[in-house]
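Asks: I need the structure of the sequence given here:
(2 chains)
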There are 2 protein chains.
Amino acid sequence: MNTVSPFKTADQKKAERAAKRDAVLLAAVRMFNERGFHATSLDDVAASLGISKRTIYHYLANKDQVLLECVTIGLNQLLEAAAEASREPGTGRDRLAKFLRRYAEINMEDFGRCVIRTGEETLSPASIPQYRQLKRGIDNAMRERIAEAVADGSIAPVDVKIAAFTLAGALNWPARWHNPDGPMTREEISAAMVDLLMQGLLPSA
Amino acid sequence: MNTVSPFKTADQKKAERAAKRDAVLLAAVRMFNERGFHATSLDDVAASLGISKRTIYHYLANKDQVLLECVTIGLNQLLEAAAEASREPGTGRDRLAKFLRRYAEINMEDFGRCVIRTGEETLSPASIPQYRQLKRGIDNAMRERIAEAVADGSIAPVDVKIAAFTLAGALNWPARWHNPDGPMTREEISAAMVDLLMQGLLPSA
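Replies: Presented below is the predicted three-dimensional model:
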């Protein structure tokens, strides 16, 4: 006789619920990235998981909340990358490069792509404050890494704000053009882009 | 007695028609950039010009065509900038920098902003071939300028494709963050960004 209880513990139930919610978000983010938010319905998302839209409503209130959750996951991944990079050894320039590489990689992953492909105008007005706050955190982290590299002399002085926008823009763009079936891995693309940004376009030394 | 004929010549009528169509496109592109394509109706565009939606239909077939025309104007401005830069004197690196500066400026102007803010998924399927062809022209022009600078030794060898995407991404991004009421002009922002991309983030020499 099987001695495993057929009744789930509270922890098991919680974990299952979280796993189901995550599966909904992953299916949704992939459709948003592929078709666009407006062209995706929760019926489509549900169908791709073999469930009904009513089941989705056990986990998420509506399509706007699904989008906000997807964007929030991506933004939190970027914030985590910033925190990790800030703890790296080496110069300020090393920590900046580390952050930039991971930043670009995330923008080629499902939730990061959604962050970049979602303009603020697509979010519901109620979602915007949370979105802006997370974005600001990432922008501040980028500026901190640049300012630190200038301060320790590992890069020459620059306009920190312009530099942050320039680097972020370059590394956001793969969210639009990256093809996961292409010949280079995300890590290779990211490393090549960050090298180029750090080295500039100068004659051979 | 006024000797000017009250009857318009065919040329005058054509010019007036073009001016009215342009005014519709400019009003539309500003609303698309501000609110997003989906949140803008042709009724709103018409109202902003003090005309009726029926009047818009004298010039443009529907909202999808309005968007395609707006994006096409922006893409043609970028293609023109590429052609102009290719005729500049100096090294390949000079011509590349010239193109990049103008490219960034256009992306901070009305129609260029719309190009960047409009994902392919927003266009109607019928519009996509024309859009892709123009985009490809700009991407090819960017790659040509980079390859030419590598060929004449004014920049060190790079992966031309990756470099084109990196530069384009950095200089597309102002379409999302640029504030026309900010302290720097478009030309100043563009010059600072292009300097940074050309110089890289290196220690002071």
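
Asks: Could you use CA atoms for every contact and neighbour count after this?
Replies: Fine.

Asks: how about stretch A:133-144: buried residues?
Replies: Neighbour-count burial for stretch A:133-144, with 16 or more other CA atoms under 10 Å in any protein chain shown as criterion, is recorded at A:134-135, A:137-144.

Asks: which parts of the worst-scoring helix or strand of chain A on mean pLDDT are buried?
Replies: Every helix and strand in chain A was compared by mean pLDDT, DSSP states H and E; the lowest is helix A:174-177, with a mean of 85. Using 16+ other CA under 10 Å as the test for burial, helix A:174-177 gives A:174-176.

Asks: again, but for stretch A:150-159
Replies: Within stretch A:150-159, the residues scored as buried using 16+ other CA under 10 Å are A:150, A:153-157.

Asks: Now tell me what touches that stretch from outside.
Replies: A:91-93, A:149, B:196, B:201-204 (CA atoms under 8 Å, 6 or more residues apart in numbering or on different chains).

Asks: still on that earlier bit, can you pick out the most distant pair from the buried residues of stretch A:150-159?
Replies: In terms of CA to CA, the buried residues of stretch A:150-159 reach their longest pairwise distance at A:Ser154 and A:Pro157, which sit 9.4 Å apart.

Asks: What about A:Ala126, how many residues nearby?
Replies: If you count neighbours by other CA atoms under 10 Å in any protein chain shown, A:Ala126 ends up with 11.

Asks: And the pLDDT for it?
Replies: With respect to pLDDT, A:Ala126 scores 92.

Asks: what does chain A have sitting close to chain B?
Replies: Applying CA under 8 Å from any CA of the partner chain, we find that chain A lies next to chain B at A:35-36, A:117, A:119, A:121-122, A:153-158, A:162-163, A:165-174, A:189, A:192-193, A:196-204.

Asks: Which ones among those lie within helices?
Replies: Assigned to helices by DSSP state H, the following of those qualify: A:35, A:117, A:162-163, A:165-172, A:174, A:189, A:192-193, A:196-199.

Asks: Drop anything exposed from the residues you listed.
Replies: Those of these that meet the buried threshold are A:117, A:162-163, A:165-172, A:174, A:189, A:192-193, A:196-199, by 16+ other CA under 10 Å.

Asks: Residues contacting stretch A:113-127, please?
Replies: With CA under 8 Å, 6+ apart, stretch A:113-127 has contacts from A:29, A:32-33, A:37, A:64-65, A:67-68, A:70-72, A:74-75, A:106-107, A:128, A:172-173, A:175-176, B:35-36, B:117, B:119.

Asks: Going through the residues you listed, which ones are buried?
Replies: Among these, the ones that count as buried by 16+ other CA under 10 Å are A:29, A:32-33, A:37, A:64, A:67-68, A:70-72, A:74-75, A:106-107, A:172-173, A:175-176, B:36, B:117.

Asks: My guess is A:Ile106 contacts A:Gly112. True?
Replies: Yes. Judged on CA atoms under 8 Å, A:Ile106 makes contact with A:Gly112 at a distance of 5.1 Å.

Asks: Near the residue nearest to A:Ala47 when sequence neighbours are not counted, how many other residues are there?
Replies: Among residues not flanking A:Ala47 along the chain, A:Lys53 sits closest, at 8.0 Å (CA to CA, 6 or more residues apart in numbering or on different chains). For A:Lys53, the count of nearby residues is 16 (other CA under 10 Å).

Asks: can you pull the contacts of A:Lys53?
Replies: A:42-43, A:45-47.

Asks: And the pLDDT at it?
Replies: On the pLDDT scale, A:Lys53 is placed at 93.

Asks: and the gap between it and chain B?
Replies: For A:Lys53, the distance to chain B (CA to the nearest CA, to the nearest Å) stands at 24 Å.

Asks: Kindly report the same for A:Arg102.
Replies: 15 Å.

Asks: just A:Val45 next, same as before
Replies: Counting by CA to the nearest CA, the gap from A:Val45 to chain B is 18 Å.

Asks: how's chain A carved up into domains?
Replies: As recorded under automatic domain parsing, the domains making up chain A are A:11-60, A:62-199.

Asks: what about the longest one, how long is it end to end?
Replies: So that's domain A:62-199. End-to-end distance of domain A:62-199 (CA to CA, to the nearest Å): 46 Å.

Asks: Just list the residues touching A:Asn107, thanks.
Replies: A:113, A:115-116, A:171-172, A:174-175.

Asks: who's in contact with stretch A:183-197?
Replies: Residues from elsewhere that reach stretch A:183-197, judged by CA under 8 Å, 6+ apart: A:97, A:100-102, A:104-105, A:108, A:167, A:171, A:180, B:158, B:162-163, B:166, B:197, B:200-201.

Asks: Could you give the average pLDDT over that stretch?
Replies: Across stretch A:183-197, pLDDT averages out at 95.

Asks: Convert that stretch to CSV, retaining C-alpha atoms only.
Replies: C-alpha atoms of stretch A:183-197 as CSV (Å, rounded to 0.1, in the frame of the first residue of the first chain):
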residue,chain,number,x,y,z
PRO,A,183,23.6,31.1,-35.6
MET,A,184,24.8,33.0,-32.4
THR,A,185,23.7,32.2,-28.9
ARG,A,186,22.3,35.0,-26.7
GLU,A,187,25.6,35.0,-24.7
GLU,A,188,27.7,35.4,-27.9
ILE,A,189,25.5,38.3,-29.2
SER,A,190,25.5,40.0,-25.9
ALA,A,191,29.3,39.7,-25.5
ALA,A,192,29.9,41.0,-29.0
MET,A,193,27.6,44.0,-28.5
VAL,A,194,29.1,45.0,-25.2
ASP,A,195,32.6,44.7,-26.5
LEU,A,196,31.7,47.0,-29.3
LEU,A,197,30.1,49.5,-27.0
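
Asks: what helix or strand is A:Ala104 on?
Replies: A:Ala104 belongs to helix A:92-107 when assigned by DSSP states H and E.
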